[in-house]
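Novice: compute the structure for the input listed below.
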Amino acid sequence: MLRILNSILYGCLACLAATPFVLARAAEGGTVPLDVEFKLTDREYRPLAGVPLRLVLGIEDWQAAGAGVRIVTGEDGAARFTTQAVIDRRRQWTNVGFTPFSIPKRVDHISIAAELQFAVPRKEGEDTIHHWLYTAEIYRYPGGDFSGATGPNFQMKVDGWVLTGGGYKLWNFALSLDETNATDKHWHLKLALMRMPKAQLR
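Specialist: The predicted structure is shown next:
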């Protein structure tokens, strides 16, 4: 069962979680080659090998069941591949120092999503396994700084009990342009997710 997260919450990067989320459509930009370095770890940063997942990177039809690239993590918990993605240019409001004021800055932006298994415990019987699409927005500022936006931990009820837990956390990311290629834009994306402890019924 695939549940798509479909509302945007902006803020500092905290954790990837199964919560409503909608990926913003590109304001301007085109399809470019993207080299991806992906890594999946546990909470102690140990690699998780042999995990199948689907990555959807900067495409308009991100909700399509067949969208993106399907991979399986290696012994080091990593996967490397090249794909086509939309990286657009847009304006992002940024705080001025520690003041309450903010100004718009031109940033490079990519929307990302990862389809991963999420175990929902039950009061009685075995866990129910869902496939949820975790989403995030990554922004690259002039000078090479980064920021991101994801959803918070979610809460829902199962058999009258409250289910809490984030599932996965985005703990490292970087978006960069290959400056050595003068004729074509070629981008690099580094992405690392962490599997959090299994959700509990409370």
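Novice: use CA for all of it now, contacts and neighbours both
Specialist: Will do.
Novice: ends of stretch 50-67, what's the gap?
Specialist: Using C-alpha to C-alpha, to the nearest Å, one end of stretch 50-67 lies 21 Å from the other.
Novice: chain center to it: distance?
Specialist: 11 Å (C-alpha atoms, centre = their mean, to the nearest Å).
Novice: next one: the helix or strand harbouring residue 34 to chain centre, how far?
Specialist: Assigned by DSSP states H and E, residue 34 belongs to strand 29-41. Relative to the mean C-alpha coordinate of its chain, strand 29-41 is positioned 11 Å out (C-alpha atoms, centre = their mean).
Novice: list the buried residues of that strand.
Specialist: 32-41 (16 or more other C-alpha atoms under 10 Å).
Novice: now the strands for this structure?
Specialist: With strands called from DSSP state E, the chain shows them at 2-4, 29-41, 52-57, 69-72, 78-95, 102-120, 128-140, 146-150, 154-158, 161-165, 168-177, 187-195, 200-201.
Novice: quick one: which of these is nearest residue 63?
Specialist: Closest to residue 63 of these is strand 2-4 (C-alpha to C-alpha; 7.0 Å).
Novice: distance of the residue lying closest to residue 174 once chain neighbours are set aside from residue 90?
Specialist: Take residue 174 and drop its neighbours on the chain: the residue closest to it by C-alpha to C-alpha, 6 or more residues apart in numbering is residue 190, 5.0 Å away. Separation of residue 190 from residue 90 (C-alpha to C-alpha): 21 Å.
Novice: swap in residue 39?
Specialist: Taking C-alpha to C-alpha, one finds residue 39 at 28 Å from residue 90.
Novice: before we move on, what about residue 161?
Specialist: For residue 161, the distance to residue 90 - C-alpha to C-alpha - is 42 Å.
Novice: how about residue 129?
Specialist: Counting by C-alpha to C-alpha - residue 129 and residue 90 are separated by 37 Å.
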